[in-house]
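> task: produce atomic coordinates for the following.
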Amino acid sequence: MCCIAVQGGADCVCPPQTAWALHRAWPEMELRVVPAGGHSHYDAGLQTELLHAAKICSALPRPWHRPKEDDPSGAAWIGGTGKSCS
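Model prediction:
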């Protein structure tokens, strides 16, 4: 499983201490702190780290994805029954 948290070091909405507390509780999570980053994902430093994290995680095998049996496109889904919510 891939989990990379990207945190702005200057985020006043969600302070870095909360991300650090999560990392202590879940040490397998990689924590990336952008020192001058704020709360917005539009911040250039945060965007760079978010894209890097997405690239790393997308390159890993995902054995929990499997095609729906009734979907000829082979689209992947995660968990559940694969049935609609009706």
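
> check which helix or strand covers K55.
K55 is part of helix 44-58 when elements are defined by DSSP states H and E.

> buried stuff in that helix?
For helix 44-58, burial by neighbour count (16 or more other Cβ atoms under 10 Å) applies to 45-46, 49-50, 53. No exception for glycine: its C-beta is placed from N, CA and C like everyone else's.

> list the contacts of that helix.
2-4, 6, 8, 30, 32, 34-38, 40-41 (Cβ atoms under 8 Å, 6 or more residues apart in numbering).

> P16: which of the buried residues of helix 44-58 is nearest?
Closest to P16 out of the buried residues of helix 44-58 is L46 (12.4 Å), distances taken as Cβ to Cβ.

> nearest residue to the closest one other than its sequence neighbours?
Nearest residue to L46, sequence neighbours excluded (Cβ to Cβ, 6 or more residues apart in numbering): G37, at 4.5 Å.

> so the one you found touches C12, yeah?
No - applying Cβ atoms under 8 Å as the test, G37 and C12 come out as separate, 11.5 Å apart.
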